[in-house]
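Engineer: Sequence plus predicted model, see below.
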Amino acid sequence: MKYSYLLVALLCALLFSNCKKDSSSGYNLAFYTADSASAYQLVFDSTNKGKLPYIKDGANDCGDSRALRITSLQAGSHVILAVDSLGITHASGTVTLANNEISTSGTKGMIGSISIGTCGVIDLEK
């Protein structure tokens, strides 16, 4: 069990050691879904940002070109939704950007995240 935690910590460190930071300031987020049956759109602060890509094993970091990326975000709380073509919300919550940290909280569905500093990867599922 002890080695499992160590392996997970090492994997996370390797995962984000190559985190590509956008040349401008701010927070950088990468969104995806690991739900293969989904066809969700990402709505970020009431703006449709496009199709949420299916990435089976998750995005590598906030610079992963397979993910839907939003860069140069300023600190604050932002509302995120995963909606289908009928406008039905399957996952919802907030992402808070503050003090070089990224945190998420969900109100519907599953919202998983991992972050290092101003780089965050967020998985939205129902």
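Structural biologist: Yep, that arrived.
Engineer: State the mean pLDDT of stretch 95-105.
Structural biologist: The average pLDDT within stretch 95-105 is 93.
Engineer: for it, how far is the first residue from the last?
Structural biologist: 7 Å (CA to CA, to the nearest Å).
Engineer: can you list contacts of that stretch?
Structural biologist: Here stretch 95-105 makes contact (CB atoms under 8 Å, 6 or more residues apart in numbering) with 27, 29, 73-78, 80, 93-94, 111-113, 115, 117-120, 122. Quick note: C-beta positions are derived from backbone N, CA and C, even for glycine.
Engineer: For the protein, give me the ranges with low pLDDT.
Structural biologist: Applying pLDDT under 70 to the chain picks out residues 1-24.
Engineer: Going by residue numbers, what spans are helices in this protein?
Structural biologist: For the chain, helices defined by DSSP state H occupy the ranges 2-17.
Engineer: Enumerate the positions of the longest strand anywhere in it that are buried.
Structural biologist: Longest strand in the chain, counting residues (DSSP state E): strand 89-98. Counting neighbours by 16 or more other CB atoms under 10 Å, one finds that the buried residues in strand 89-98 are 90-93, 95, 97.
Engineer: what does stretch 75-84 give?
Structural biologist: Quick answer for stretch 75-84 (16+ other CB under 10 Å): 78, 80-83.
Engineer: thinking in terms of the whole chain, how far from its middle is that stretch?
Structural biologist: 10 Å (CA atoms, centre = their mean, to the nearest Å).
Engineer: which residues are contacting it?
Structural biologist: Contacts for stretch 75-84 (CB under 8 Å, 6+ apart): 27, 31, 33, 38-46, 52, 89-99, 104, 109, 111, 122, 124-126.
Engineer: ok, 6 Å please
Structural biologist: 40-41, 43-45, 52, 89-98, 124 (CB atoms under 6 Å, 6 or more residues apart in numbering).
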